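Visitor: Predicted structure and sequence below. I'll ask about it afterward.
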Amino acid sequence: MSLPILEMKNITKEFPGVKALNNVSFRVAANEIHCLVGENGAGKSTLMKVLSGVYPYGDYSGDILFNGEVQKFHSISDSDKAGIAIIYQELALVPEMSVYENIFLGNEITNGITVDWNETIKRASEAIKKVRLDVNPATKVKDLGVGKQQLIEIAKALSRNVKLLILDEPTSALNEDDSKNLLNLLRGLRDQGVTSILISHKLKEVIEIADTITVLRDGQTICTLAAQNRAVSEGLLIKNMVGREIDNIYPKRENRQIGEVVLEVSDWSAYNPALGRTILKNIHFTLRKGEIVGFAGLMGSGRTELALSLFGNPDHYRIVGGMKLKGKRVHFTHPSQAIKAGLAYVTEDRKGDGLILMQDVKQNITLANLNAISKNGVVDSNLEVQVGNEYKTSLNIKTPNVEQKVQNLSGGNQQKVSLGKWLFVKPDILILDEPTRGIDVGAKYEIYQIMNRLVQQGMSIIMISSELPEILGMSDRVFIVSSGKIAGELPIAEATQEKIMELATN
Amino acid sequence: MSTITTSKPESASFLDHAQTVLRQNIREYGMYIALFFIMTIFTITTKGIFISSRNISNLVNQTGYIAVLAVGMTLVIVIRHIDLSVGFLAGFLGAVAAIAMVFWHLPVYIVIPMVLLLGIIAGCITAFPVAQLGIPSFVASLAGWLIYRGAILLVTMGTGTIVIPDKIFNAIGNGFIPDLPEMGFLPGIHKITLFLGLLAVIFFIISELNGRKKKQAYNFEVLPMDMFVLKLFFVSALIGYITWVLAGYRGMSWTLVVVLIVVAIYHFITTNTVLGRHIYAVGGNPEAAELSGISVKRMVFVVFGSMGMLAALSGILFASRLQSATTTAGSLFEMDAIAAAYVGGVSAAGGVGKVIGSIIGALVMMSLTSGMNLMGIDISLQYIVRGAVLAAAVIFDVATRARGK
């Protein structure tokens, strides 16, 4: 094994009431791709925040050795100077600025007083080439897709002579092509002497790319595995992550009783005036009672927009087309009408438009159906606690009590709160948009079990997902969306990853 | 050795409790502590004049018309907006009330509801461009600020200051609640005020005990017993002392009654009703609220409408206190109300802020004015001190919030 570029020794970091990291040791060799895996709340992000100086020296105990020297980072700019760059799930780019402005933001090239734009553009073009991106450096970042934005973040890091690149869930928002692209780029960078730490929930991709894998669980290092040439199996990783074997990631559903058509959408087209373009074209599909219908497709193909347009159209698209609920034509102008008619929509971005983070668990769960726990407009607080506790138990939400603020929960538990909120509406049709994004294997399994329980009770589910195994593991039928159109429909027996990808990229 | 370590375990645990409770709730208790300190300092520097019955009674009446605005402003800021128009709106509606009584000879019991209704309409007019067209509320209400400033000059142009002769109307800002006839005991003390204060203390203790029992039944966190008792004692003593001081002058003023009713209603709405939940949800995350079936637009209308109504009430209180409508009534009220809300812990990021906090904020700002007036400090320094207190309060709020995470 080559010399370590980074050694973190006996790191302990405590939050009030919680030991987020307990004596963690973490060693990264130079010129490798080191993957860090673990369930949500295992301490991966905290460890990286300690490393990058978000939690300054003195806030934790233990030592950080980088390039053989003890480091005392007091802020991100300290670790930045040492050559460590961290790229978060939520990208830190300014959408209204151009690519070259973003790349040199905070690191402007000046000739004395003013910014040297010519040199900036020249060096930005070089950085863009290094990440194998083909865009005009003058393009505004908001006009680029997520995948390209991610590459620009990396270009930004490279322009600062980064030695250690940390990526936190870089592929969770990317489609398969962009993901592959990114992983290839990391390999290329490794050969040029850049070491990477990759945090990911996508174990296949971890196995594919990792030279070494470290597993964290409950704030402790469980093991570090040599993983070159796919030497580690998915089962072994999962076992170490959760401390138990999961035989089948997708629980089998028995007694599939699929009933009559409950939702029929026909000739459904939508124009988004804010973007000035048509986003949905002649969509037609049906949904039956007790059925899970998967909507696969690439990022930006229009799946979320379809869900929003059905769910009361909060973004005010101009819609033509027909929607029938249990045979009756309906027309919604606000989500409240959709909710009343028996629809529920669990959003893909739970922090952005799903939950109210500063409010507690029970308040979030009851928000969409406050009338059910109130009389004459006054909320019955006893009943509210009961409802909160019911969902805490039935969804296994891990929180000390339902008075806990949602911002203090882990991603998986936040997702369960979000799900609980919409189950309390008692819908007939549940739309799940990326139901397991960014949550760990254990919580995923629980959510799949809940979905199966719900369809057995006669609910119908529309599941939008970018994870093909999830689509294949959970759906009864699959619709593939591509550029705002239904590119195809596959019964689950005929659906394969290859077929879906082919239709999605058509 | 062992005798030393075990010498005073009880007081140690009491102090421990006090420390942790204070640390966890510093944001909430900070204002009360600040108010307490400010009042103590002024009591010392004015050799007790500040805390005299007469001055406290005056202070409460002066706070009244800002306090009701601060209550409305709290909700406006909670839903991430601002309303700059309310100061001159209050002044303008006060003038309308005066004109209605003096020139149109309308009776006071028609004038007051009419003016409140006009306030609601004015609030909804401000809300319209904000909700329907997405105009920033700063701009929309700045337009209102100019318009109402012009309007008040316009309606008082011919007459100048309009003197209000109506006794009932003027009692709102200057009168006190009636008392029992003298019966020999407690001479010179306002007995009904004392009785109401006693009722308030009893009500407070019972509701706290019930709340605690309920929380314990659900295994929620509660204060340690010693701290709980301390809190009960402290708040009861405070209510008791203030009633005692007020009872020593002329008792409770009608202004205080109005403010208490407004606070009680708004506190109840914000903490216990569906409407309150919807308002705080819109403030906390408008996208999530909209997708939860809450109409964000409607909430903007409701909150601005309520703000307009409270502006009308503020105008009535002020006109009644001066017993006249003046051409400059309402100048800078909005700024005092906004400052009170921020001192009271409302967050500009939205979704956070309590009605009671804003009332305490208004009391803090008014205490500063009153105390410095009594000390004979020049108005120039008064502004600087109040500005510094506002800045300190907001910095304190942000600093403790960051640590709370």
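Guide: It's in.
Visitor: and chain A, which residues reach chain B?
Guide: By the rule Cβ under 8 Å from any Cβ of the partner chain, the part of chain A lying against chain B is A:311-312, A:314, A:334-336, A:338-340, A:345, A:347, A:352-359, A:363, A:367-368, A:370-371, A:374, A:377-379, A:381-382, A:385, A:389, A:401-403, A:407, A:421. Every C-beta, even on glycine, is put in place using the N, C-alpha and C of the backbone.
Visitor: Only the buried subset of these, as a PyMOL command please.
Guide: The buried subset of those, as determined by 16 or more other Cβ atoms under 10 Å in any protein chain shown, is captured in PyMOL by this line:
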select buried, chain A and resi 311+312+314+334+335+336+338+339+345+347+353+354+355+356+357+358+359+363+367+368+370+374+379+381+385+389+401+402+403+421
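Visitor: Among the residues of chain A next to chain B, which ones are in strands?
Guide: A:345, A:374, A:378-379 (DSSP state E).
Visitor: Tell me the one among those nearest to A:T436.
Guide: Among these, A:Y345 lies closest to A:T436 (Cβ to Cβ), at 16.0 Å.
Visitor: How about the residue of the stretch 301-405 of chain B found nearest chain A: what's its closest non-neighbour residue?
Guide: Chain A sits closest to B:G351 of the stretch 301-405 of chain B, with a gap of 5.4 Å, by Cβ to the nearest Cβ. Spatially, and ignoring its direct neighbours in sequence, B:G351 is nearest to B:G284 (3.2 Å; Cβ to Cβ, 6 or more residues apart in numbering or on different chains).
Visitor: Would you confirm that B:H278 contacts B:V296?
Guide: No. Counting by Cβ atoms under 8 Å, B:H278 stays clear of B:V296, with 9.2 Å between them.
Visitor: Spell out which residues are contacts of both of these two.
Guide: With contacts taken as Cβ atoms under 8 Å, 6 or more residues apart in numbering or on different chains, the residues that reach both B:H278 and B:V296 are B:A289.
Visitor: who's more crowded, those two?
Guide: Neighbours were counted for B:H278 and for B:V296 using other Cβ atoms under 10 Å in any protein chain shown; B:H278 has more, 22 against 16.
Visitor: Tell me which residues touch that one, please.
Guide: Contacts here follow Cβ under 8 Å, 6+ apart; on that basis B:H278 touches A:370, B:289, B:294, B:299.
Visitor: With A:E305 instead?
Guide: By Cβ under 8 Å, 6+ apart, A:E305 lies in contact with A:270, A:272, A:279-280, A:315, A:317, A:484.
Visitor: Could you do A:P56 as well?
Guide: A:73-75.
Visitor: Of these, just the buried ones, PyMOL syntax please.
Guide: For the buried members of the contacts of A:P56, the matching PyMOL selection, counting by 16+ other Cβ under 10 Å, is:
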select buried, chain A and resi 73
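Visitor: What is the neighbour count of residue 184?
Guide: Using chain A. Residues lying near A:N184 (other Cβ under 10 Å) number 12.
Visitor: actually chain B
Guide: Considering only other Cβ under 10 Å, B:G184 is surrounded by 5 other residues.
Visitor: quick one, phi psi at it?
Guide: Dihedral pair for B:G184: phi 100, psi -40, per degrees, to the nearest 10.
Visitor: Now do the same contact list for the nearest residue to B:I112 once chain neighbours are set aside.
Guide: Closest residue to B:I112 apart from its sequence neighbours, by Cβ to Cβ, 6+ apart: B:I316 at 6.4 Å. B:I316 makes contact with B:93-94, B:97, B:112, B:115, B:169, B:172, according to Cβ under 8 Å, 6+ apart.
Visitor: Neighbours of B:D378, how many?
Guide: If you count neighbours by other Cβ under 10 Å, B:D378 ends up with 9.
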